[in-house]
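# requesting a structural model of the entry that follows:
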Amino acid sequence: MTYSLSTLTQKLDEIASVIVEAKGHLDHPEDLIFLGGSAGANQALNAIVATAKNPTTVTIKWDGYPALIFGRNANNKFSIMDKHMFNKKDGSGRNVYSPAQFREYDLARGVDRSDLHRLINEIWSGLEQSSSNAKGYYWGDLLFNRPLADKNGVFTFKANPNGITYTVDTSSDVGKLMAGKTAGIAVHQQIASDAPSTDMATPLNGTIGNLKNNSDVAIVPSAMPNTPKIKLDASLVKNVKSAIAKYGALVDQLINTAPQAKNAFNQLFTVYINKKIVSGNLDNLVEDFMGFFKTRPMTENMAYKLAEHFHANQQGIIGAFTIWIALYQLKMNIVSQLNDAAKASPVKGYLQDGSETHEGFVSNGLKFVDRMGFSRQNLAGRA
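Model prediction:
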């Protein structure tokens, strides 16, 4: 199939809106086999093992919305922005020092985000006060933007329309922190004032850094209220090691000799996995992938090159998905234990079907998420 330049451009634009879980700034450990080959798989394995051995590193991955970056530049001027504004290369996205300037920035680029402008106006003074003695920026997710109602000793809120409904025991430390606040934001990363992009963000490890809870906006830490106990399944670890030993070099060859640009080639696998997750079926990963890649928008020449490449590297494809499954099973064993530990927490989360779970957890720079639970619901809701 051959596309004209205009049609190809349109198709490439459509890729941006394809069902794909926003990468954000954290990867799923199992996806590292697609993103970094055998080295990525070993990184994932080491991170999972380290998490089990030192569960104090685990934090809650709050399901908030929208994600906001707020704080002070080198001149101590306060600002609130989103990730794309922060990362804009000309720096204009950071030169927003009032709610009015935030709105003007959007209008200048032809974007109407009226609901967000209202929200920014409501939380601006509170976040500015909370960060009065803090240097640099903080990255977090808004949890609620109206005072929470105490119903039989429980606060209930849901920020992401497709995500988790939270309940918080009002008598707990977290509940007391949220009581009477007009809004709440869960912070998880810190960024230096001179950082060129969000790639330089560093984890807060469950703290709120130098922020203060001294305003009408609750600054919510991501620390787990109870430290979980995790038992590592030796047989699942062995499965991962065996899969890497058997297929690691073949996967590296598949990735390193690909005829397509690295990011585009990686996305063939990560977008495909997300589609399988939305379908609720992780069977026949290899066979279905070979049909999937042919549906992707690309030139006829690239389609031919990829077909030849995949034919020559069949064992590498089998290996990539074998390692992915082994890592996913090991990770899910940890996630299951973390969810069990969270059931004793004053903070509880629920899917739309009533299942008790959190969006996930963060440890060692990776996100530990039940992709057939939260991810499937979230992705399907955005389809």
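
# show me where the stretch 151-300 of the chain has its helices.
For the stretch 151-300 of the chain, helices defined by DSSP state H, counting those that start in this stretch occupy the ranges 173-178, 234-256, 262-279, 285-292, 300-312.

# my bad, should have said the stretch 1-150 of the chain
Under DSSP H, counting those that start in this stretch, the stretch 1-150 of the chain gives helices at 5-15, 32-53, 83-87, 99-108, 114-130.

# please identify the most buried of the ones you listed.
Greatest average neighbour count among the helices of the stretch 1-150 of the chain goes to helix 32-53 (a mean of 21), per mean count of other CB atoms under 10 Å. C-beta: built from backbone N, CA, C; applies to glycine.

# could you give the angle of that one to helix 234-256?
Angle, helix 32-53 to helix 234-256, by axes from the mean of the first three to the mean of the last three CA atoms, to 10 degrees: 150 degrees.

# what angle do helix 32-53 and helix 262-279 make?
70 degrees.

# from Val96, how far out is the residue lying closest to Lys348 once chain neighbours are set aside?
Nearest non-adjacent residue to Lys348, counting by CB to CB, 6 or more residues apart in numbering: Thr167, 4.9 Å away. As judged by CB to CB, to the nearest Å, Thr167 and Val96 stand 35 Å apart.

# again with Ala50
Taken as CB to CB, the span from Ala50 to Val96 is 39 Å.

# likewise for Gly373?
Using CB to CB, Gly373 is found at 37 Å from Val96.

# now do the contacts for the residue nearest to Lys348.
154-156, 347-350 (CB atoms under 8 Å, 6 or more residues apart in numbering).

# likewise Gly319?
With contact set as CB under 8 Å, 6+ apart, Gly319 has these partners: 243, 246-248, 250-251, 254.

# now it. Nearest residue, chain neighbours left out?
Tyr247 (2.6 Å).

# do I have it right that that neighbour meets Gly316?
Yes: at 7.3 Å, Tyr247 counts as touching Gly316 under the criterion of CB atoms under 8 Å.

# figure out how far stretch 164-177 is from the centre of its chain.
23 Å (CA atoms, centre = their mean, to the nearest Å).

# would you mark the buried spots in stretch 240-253?
For stretch 240-253, a neighbour-count test (16 or more other CB atoms under 10 Å) marks 240, 243-244, 247-248, 250-253 as buried.

# now tabulate those in JSON lines and tack on distance to Lys305 and pLDDT.
JSON lines is the format used below for the buried residues of stretch 240-253 (distance: CB to CB, whole Å; pLDDT from 0 to 100):
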{"residue": "Val240", "distance to Lys305": "31", "pLDDT": "98"}
{"residue": "Ala243", "distance to Lys305": "28", "pLDDT": "98"}
{"residue": "Ile244", "distance to Lys305": "27", "pLDDT": "98"}
{"residue": "Tyr247", "distance to Lys305": "23", "pLDDT": "98"}
{"residue": "Gly248", "distance to Lys305": "24", "pLDDT": "98"}
{"residue": "Leu250", "distance to Lys305": "19", "pLDDT": "98"}
{"residue": "Val251", "distance to Lys305": "19", "pLDDT": "98"}
{"residue": "Asp252", "distance to Lys305": "19", "pLDDT": "98"}
{"residue": "Gln253", "distance to Lys305": "16", "pLDDT": "98"}
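
# before we move on, back to that, I'd like to know which of the contacts of Gly319 is nearest to Trp62.
Nearest to Trp62 among the contacts of Gly319 is Ala243, at 32.5 Å by CB to CB.

# distance between the ends of stretch 307-320?
17 Å (CA to CA, to the nearest Å).

# in it, what's buried?
309-310, 313, 315-320.

# how about stretch 229-241?
By 16+ other CB under 10 Å, the buried positions in stretch 229-241 come out as 230, 236-237, 239-240.

# quick one: contacts for Leu143?
Neighbours of Leu143 in contact, by CB under 8 Å, 6+ apart: 62, 64, 157, 159, 166, 183-186, 218, 220.

# burial of the closest residue to it other than its chain neighbours, as a residue count?
Nearest residue to Leu143, sequence neighbours excluded (CB to CB, 6+ apart): Gly184, at 4.3 Å. Counted with other CB atoms under 10 Å, residues neighbouring Gly184 total 26.

# what bridges to Gly184?
Phe144, Ala218 (DSSP bridges).

# ditto for the one 5 residues further on
Using DSSP bridges, the bridge partners assigned to Gln189 are Trp139, Pro203.

# separation between it and Val174?
Gln189 is 19 Å from Val174, by CB to CB.

# likewise for Ile273?
33 Å.

# more neighbours, these two?
Ile273 (25 against 22).

# that one and Phe321 touch, don't they?
No: in this structure, Ile273 is not within contact of Phe321 by CB under 8 Å, at 9.0 Å.

# low-confidence ranges in the stretch 251-383 of the chain?
Applying pLDDT under 70 to the stretch 251-383 of the chain flags residues 381-383.

# show me the contacts for Ile219.
130, 140, 184-185, 187, 208, 211-213.

# give me that answer again for 6 Å
130, 208, 211, 213 (CB atoms under 6 Å, 6 or more residues apart in numbering).

# likewise Ala342?
So Ala342 contacts His358 (CB under 6 Å, 6+ apart).

# ok, what's across the strand from the nearest residue to Leu148 once chain neighbours are set aside?
Leaving aside its sequence neighbours, Leu148 sits nearest to Phe155 (CB to CB, 6+ apart; 4.1 Å). For Phe155, the beta-bridge partners under DSSP bridges are Val168.

# tell me, how many residues neighbour Phe155?
23.

# what sits against it?
Contacts of Phe155 (CB under 6 Å, 6+ apart): 148, 168, 170, 178.

# so who does the third one touch?
What that stands for is Thr170. 150, 153, 155.
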